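K.L.:
the following block contains a protein sequence and its predicted model.
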Amino acid sequence: MSAKGYAMDGDATEPDSEDVRTDVCVVGAGPAGITLARELGTRGVHVCVLESGGLEVEPDVQAQSRGESDGYPIERLDRCRVRGFGGTLLHPNIMAGGWAARPLDPIDFEVREGLRDVGWPFPREHLDSYYTRAEEACGIAPFDEAAKLWIAKTSKLGQSLVESELEPAVFQYRTPDHLQMWNLLCASPNVRVLLHTRAVEVVTDSSGGHIERIVGVRGSRERVVVRPLQVVFAAGGIENARLLLTANHGRGLGNEHDLVGRYFAERFALHAGHVVLSDVVSIQELASFHRSSSASEEIGGGLRIPDTVQRDLGLLNCSFYLVPRPKAVTSDAVRSLSTLGKARHRRPAIGALGRHLRNVLASPPALADIALGRIMSRPRVLLLRADGEQAPNPESRVRLGSRRDDLGMPVPRVTWRSSDDDLASVKASAQVLNHTLRARGLGFVEWTADLDTTLVEGSHHHLGTTRMHADPARGVVDPVGKVHSVDNLYIAGSSVFPTYGASNPTLTIVALSIRLADHLREILGRI
């Protein structure tokens, strides 16, 4: 192991071509990279973290995330991911409202009949102890306690629903405190973080099976050469794939079976419709499921279809959120206006723009309400928002684009492909919810999503591009997270997810990173 500790480096101030020897080099300081540095550093392992951004979101740094996209429209790549200490948790939306924590469900880990390429190489129970450690590290309550708190705050009607045919989907919300984590790592003699430092070369020995050095370029174009015993890519679902594809002087790593970058997925969201309530129930009674708009509200939830029903019907995982909104959001004009507003930041261009424009122009009263700010005073409804998983799709992928960035590296090209079956599964899940509401005399689901024109939004959760599988022919990394064909390279983050679930991935990312830190500490001890 290395002989001395490190001081923190915030900016490029050291001589050209500095040479750093360390136990572990981590590329990326998002939730995965920060967790690894904390877990390893507190246990005597020397870690050097390379992070392309700084402590805040910086426009010139964000420009480094530009790329190309085709397939289904996805938000511009420099808007849906953030470079900086904290990763995409630095996104303004998350800083304002907090990040949502929830474990994956047991069914997410299962091989399911009729669904191709799904399942993890271990059951959910394998992660339970790591989830417990992740909850503690993230400062959130154990999830069995959180579920009880959420049930207690819902209405009696809501309690009766989730205690019978449906299940609660409970989330805890935390506002990131990156400065606290920065100070914690600063206090460690074993951790060094190089901000504004991009990994531009990953060089192996002659066999191609062992990484010898990582070359970084710092803000003022100075170079730093890191010579680690072990390497972890923790740069996000898109960047992890790009690092592998450009590694080893462009020959790539871990791609012997053309799997690097494939199975790219988003946890998607869509306005599926709204709930028409019967006379015996009020909006407030079912709106109690939803988290209030206050950032101080630390718990919220929705409804999900139980695992047993998903298995019986062959459904993908999906959660529904009953969100109080002005009644105007149910009109074609307002929905189309919202779609047109979001289209500005999506590439390639969304389809049916003409139809959306005609919907808007055909409803002058709705336009007047919007222009005069009257929309919020109208009668309210329960909008039905669906957050669903997509089935693994090898044709949905990240490749190298035709353009190059300011350092001459190919930008990523993202081809996001979902399928009609993915959205059909969401609709079938909504029918289960609809049946439950009708059977209890509470109302029904008015499904308004049109597969041709409804905008399916990604949640900035980039998954699956370095998927985990015990068989090298079916996955890039093994069940621990090591790249099959490289003896000292690991991948951390949601890019290793082989199946995606309907939960935000951050808590699982932290749990897997704690698990990987334990493994690295063990093998470094053997060395």
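P.N.:
Structure's in. What do you need?
K.L.:
output the contacting helices and strands for the strand or helix carrying residue 512.
P.N.:
Taking DSSP states H and E as the definition, residue 512 sits inside helix 506-526. When contacts are defined as 3 or more C-beta pairs under 8 Å, 6 or more residues apart in numbering; DSSP states H and E, helix 506-526 sits against strand 18-27, helix 31-41, strand 99-101, helix 128-138, strand 223-233. Every residue, glycine included, has its C-beta placed from N, CA and C.
K.L.:
now tabulate the ones you listed in JSON lines and tack on distance to residue 303, mean pLDDT and mean neighbour count.
P.N.:
As requested, the helices and strands packed on helix 506-526 are exported to JSON lines (distance: least, C-beta to C-beta, whole Å; pLDDT from 0 to 100; neighbours: other C-beta atoms under 10 Å):
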{"stretch": "strand 18-27", "distance to residue 303": "38", "mean pLDDT": "96", "mean neighbour count": "22"}
{"stretch": "helix 31-41", "distance to residue 303": "27", "mean pLDDT": "98", "mean neighbour count": "26"}
{"stretch": "strand 99-101", "distance to residue 303": "16", "mean pLDDT": "94", "mean neighbour count": "22"}
{"stretch": "helix 128-138", "distance to residue 303": "22", "mean pLDDT": "97", "mean neighbour count": "17"}
{"stretch": "strand 223-233", "distance to residue 303": "37", "mean pLDDT": "97", "mean neighbour count": "23"}
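K.L.:
pipe these into JSON lines and attach distance to residue 398 per row.
P.N.:
Converted to JSON lines, the helices and strands packed on helix 506-526 look like this (distance: least, C-beta to C-beta, whole Å):
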{"stretch": "strand 18-27", "distance to residue 398": "16"}
{"stretch": "helix 31-41", "distance to residue 398": "17"}
{"stretch": "strand 99-101", "distance to residue 398": "23"}
{"stretch": "helix 128-138", "distance to residue 398": "26"}
{"stretch": "strand 223-233", "distance to residue 398": "13"}
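K.L.:
and residue 317, which of those is closest to it?
P.N.:
strand 99-101 (15.2 Å; C-beta to C-beta).
K.L.:
centre of the chain to that closest one, how far?
P.N.:
Counting by C-alpha atoms, centre = their mean, to the nearest Å, strand 99-101 is centred 10 Å from the centre of its parent chain.
K.L.:
and the residue most central in space within the chain, what element?
P.N.:
Centroid-nearest residue in the chain, with C-alpha atoms, centre = their mean: residue 461, separated by 2.5 Å. Using DSSP H and E, residue 461 sits in no helix or strand.
K.L.:
contacting residues around it?
P.N.:
237, 266, 267, 494, 500, 504, 505 (C-beta atoms under 8 Å, 6 or more residues apart in numbering).
K.L.:
widest-spaced pair of those residues?
P.N.:
Between any two of the contacts of residue 461, the greatest separation by C-beta to C-beta is 13.5 Å, found for 237 and 504.
K.L.:
what are the phi and psi values at the residue nearest to the centre of the chain?
P.N.:
phi -110, psi 100 (degrees, to the nearest 10).
K.L.:
ok, residue 437 to residue 309 distance?
P.N.:
Computed as C-beta to C-beta, to the nearest Å, the residue 437 to residue 309 distance reads 15 Å.
K.L.:
comparing those two, which residue is more hemmed in?
P.N.:
residue 437 (22 against 15; other C-beta atoms under 10 Å).
K.L.:
so which of the helices and strands packed on helix 506-526 gets nearest residue 111?
P.N.:
Among the helices and strands packed on helix 506-526, the nearest to residue 111 by C-beta to C-beta is helix 128-138 (19.4 Å).
K.L.:
so what touches that closest one?
P.N.:
Here helix 128-138 makes contact (C-beta under 8 Å, 6+ apart) with 35, 38, 101, 103, 141-143, 174, 507-508, 510-512, 514-515.
K.L.:
so that helix versus helix 506-526, what angle?
P.N.:
Here helix 128-138 runs at an angle of 110 degrees relative to helix 506-526 (axes from the mean of the first three to the mean of the last three C-alpha atoms, to 10 degrees).
K.L.:
C-terminal to helix 128-138, what's the next element?
P.N.:
Per DSSP H and E, the first helix or strand lying C-terminal to helix 128-138 is helix 143-153.
K.L.:
next, the angle helix 506-526 makes with that next one.
P.N.:
For helix 143-153 against helix 506-526, the angle by the same axes, to 10 degrees is 170 degrees.
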